[in-house]
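1. A structural model of the following input is requested.
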Amino acid sequence: MVDEFQEWGCRVEEEEGEPRVLLDVPRRTQEEMKEIVLGLLNGSLLPSVFVPDNLKGMVFLPMAMGGLSPPKEVVERVMGSASPPETVEGDPPKPPYPAYPDRNPDPPDKPTRRLPDPALKAALEWEDIEPEEWEAHLVEVEEENNLRIMQWQDAHNEWMDLCDSISEKCRQLDEAYAKEIAAWQEELKAHQDRDAERKLAYDTWVERHARIFSRWGEDVGCLLGDMKNTFPRAINGFPMFHAFSIVHREDWHRIDAAAQRESERQSKIEV
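-> Predicted structure coming up:
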């Protein structure tokens, strides 16, 4: 079980007879921490401590998309299910999600344009070939480029048709699943006397989840965004990162103290 958690970058500790799952934040070497200090001082790194809490999810965008949440595989292994139960024993089972087709394939690569042979052009300039030979070469190049474009257009049209068929298949599956869910919910209404039992099962799962993952991010000292990983837009003056790194809390104490000392030293430089 421990190895399974390590696979997902987690570790497990026991507390009050229950597991406590923690995000395993790697420690930094002395040289890595020095590089972070330099990045903070030259402005190439932005720490999350400078970002208001209400903006953190937009500035460090993967965070808003669950980048710091426990993986659903970990939750399922600890809790028995990845989400709170909606039914109890004896209820009609919830319809399973449909088997959706694979995501849209990548589009065909755009063709590269063939250029006239520079060696042949040099030969023309040195009068080693006749102008007719050069003109014939240009016609050949143009014909090949036209053929490449036509082949790409055909491949692109086939790709578009495939994407449309996948989208239509997904739409049909969504529509059928919505009907199954509606029928299932109607069937549950026939057992309204068990609503309290369902709510208890739901609340029990939520409370246990809160306990087991209560220490999930306790080793996170700071998030770091590198300016090279920003989108071409900002929010309230802050950049928006499509990737970030995590600094261990003990490492961050050292990094922050070192950055403050160095900043103060630089402010006293006399010229």
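2. buried residues, stretch 180-187. List them.
-> W184 (16 or more other CB atoms under 10 Å). Where you see a C-beta, it was placed from the backbone N, CA and C, and this is true even at glycine.
3. just stretch 160-175 next, same as before
-> I166.
4. rounded mean pLDDT for it, please.
-> In this model, stretch 160-175 has an average pLDDT of 94.
5. stretch 133-146 too?
-> 96.
6. alpha carbons only: can I get stretch 135-150 in PDB?
-> As requested, the backbone C-alpha atoms of stretch 135-150 are provided in PDB (Å, rounded to 0.1, in the frame of the first residue of the first chain):
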ATOM      1  CA  GLU A 135      12.200  27.400 -65.800                       C
ATOM      2  CA  ALA A 136      11.300  23.700 -66.000                       C
ATOM      3  CA  HIS A 137      12.700  23.300 -62.500                       C
ATOM      4  CA  LEU A 138      10.500  26.100 -61.200                       C
ATOM      5  CA  VAL A 139       7.400  24.500 -62.800                       C
ATOM      6  CA  GLU A 140       8.400  21.200 -61.200                       C
ATOM      7  CA  VAL A 141       8.700  22.800 -57.800                       C
ATOM      8  CA  GLU A 142       5.400  24.600 -58.100                       C
ATOM      9  CA  GLU A 143       3.600  21.500 -59.100                       C
ATOM     10  CA  GLU A 144       5.000  19.500 -56.200                       C
ATOM     11  CA  ASN A 145       4.000  22.300 -53.800                       C
ATOM     12  CA  ASN A 146       0.500  22.300 -55.200                       C
ATOM     13  CA  LEU A 147       0.300  18.500 -54.800                       C
ATOM     14  CA  ARG A 148       1.500  18.800 -51.200                       C
ATOM     15  CA  ILE A 149      -1.200  21.300 -50.400                       C
ATOM     16  CA  MET A 150      -3.900  19.200 -52.100                       C
END
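7. neighbouring contacts of that stretch?
-> 111-117, 120 (CB atoms under 8 Å, 6 or more residues apart in numbering).
8. strands of the protein, start to end?
-> 10-15, 18-23, 45-47, 220-226, 230-235, 238-241, 245-248 (DSSP state E).
9. tell me the strands beside the fifth one, with direction?
-> Sheet pairing for strand 230-235, assigned by DSSP bridges, gives strand 238-241 (antiparallel).
10. quick one: mean pLDDT for stretch 82-95?
-> pLDDT averaged over stretch 82-95 gives 90.
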